[in-house]
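Asks: Structure here, sequence nowhere to be found:
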């Protein structure tokens, strides 16, 4: 099924609610994948269609529709050959508003754990690759107010949201640019430092991405890489159903050519990309009921929300039955109760560009 006129979705408002509701129902209930005639606008279409769904139906009633939408966007857009997602062609979370909120919750919860030892000297230039909606950008710019940041992302919609957040925070040391990590419009050796957070896990070619960043660094400059590892999650009460739901997330990224367990590979990836003085440290998130901020901000709103977000694609791909997936999600929520415990490990790597060329 081809959606030829995307302007109807982009201009959606309550005045056209009934007509859009009917068309959404037809499109999302259809058996064939949803595609567009102009692949580059597909993320915009997805954002506005999902917003329309949430405004037209109560959240609980919208789930079958949003699940179907997530499935058609994830697989249909790839079949349509979208170039707008070239930088993150294994990105399974989507660019919906709920994902933006999840990233903000994650960033706010993990500031000290991930960024306490990240600071850049006055006057230096820092390239943040894959900034998304600015979840990490705000923290970086605040912690190094006299450094100059250039933050880029492949999604123009994410850049618009990041710019809104940067402006709202009153930050004057951030420039936001839309661009593909593998083809950024900067001269070689333009930056003193590079920062990449939660990006490599979504890339089919993470080493090539690191090499590309290295060419933009001055000799001796640093690259900082932060990645999670979904295989590191363990919890009490333990639950095979929860592990099965998490495995769906991991498998979907594997099928897209990416790696949801890339955190454990940060060291060898940086070495393979040719960086020197590579040092990696694990950052353990430990959550129990004595830490209600982490219970809500990480276990509930970051990790479990991420797993919930792949329900539709996982079911459509035949990885799991709906009831089994829902049992797994309930088991993850069970770990937020008074006797529950949740653990997860991030990996942070810092390395230097050598004096010679990266290979």
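Replies: Looks like it came in fine. Worth saying up front: this structure is predicted, and the values here are computed from it rather than measured.
Asks: quick one, helices of the stretch 101-250 of the chain?
Replies: All helices of the stretch 101-250 of the chain, identified by DSSP state H, counting those that start in this stretch, fall at 111-115, 137-143, 156-168, 206-216, 240-255.
Asks: where in the protein is pLDDT low?
Replies: Filtered on pLDDT under 70, the chain yields the residue ranges 1-109, 356-359.
Asks: Break it down into its structural domains.
Replies: 2-84, 98-352 (automatic domain parsing).
Asks: Highest mean neighbour count out of the ones you listed?
Replies: Per residue and on average, the most neighbours among these fall to domain 98-352, with a mean of 19 (mean count of other Cβ atoms under 10 Å). All C-beta atoms are positioned from the backbone trio N, CA, C, and that covers glycine.
Asks: Now do residue 295 against residue 288, distance only.
Replies: Taking Cβ to Cβ, to the nearest Å as the measure, residue 295 and residue 288 are separated by 8 Å.
Asks: Which neighbours do the two have in common?
Replies: Common contacts of residue 295 and residue 288, defined by Cβ atoms under 8 Å, 6 or more residues apart in numbering, comprise 340, 342.
Asks: show me where this structure has strands.
Replies: The residue ranges that make up the strands of the chain, judged by DSSP state E, are 2-3, 35-36, 125-129, 148-153, 174-178, 191-197, 217-228, 234-236, 276-288, 341-352.
Asks: Distance to residue 115 added to those, as JSON lines?
Replies: Listed next are the strands of the chain as JSON lines, based on distance: least, Cβ to Cβ, whole Å:
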{"stretch": "strand 2-3", "distance to residue 115": "41"}
{"stretch": "strand 35-36", "distance to residue 115": "38"}
{"stretch": "strand 125-129", "distance to residue 115": "12"}
{"stretch": "strand 148-153", "distance to residue 115": "13"}
{"stretch": "strand 174-178", "distance to residue 115": "15"}
{"stretch": "strand 191-197", "distance to residue 115": "9"}
{"stretch": "strand 217-228", "distance to residue 115": "9"}
{"stretch": "strand 234-236", "distance to residue 115": "24"}
{"stretch": "strand 276-288", "distance to residue 115": "10"}
{"stretch": "strand 341-352", "distance to residue 115": "9"}
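Asks: Ok, which of those strands comes nearest residue 261?
Replies: Residue 261 sits nearest to strand 217-228 of all the strands of the chain, at 8.6 Å, using Cβ to Cβ.
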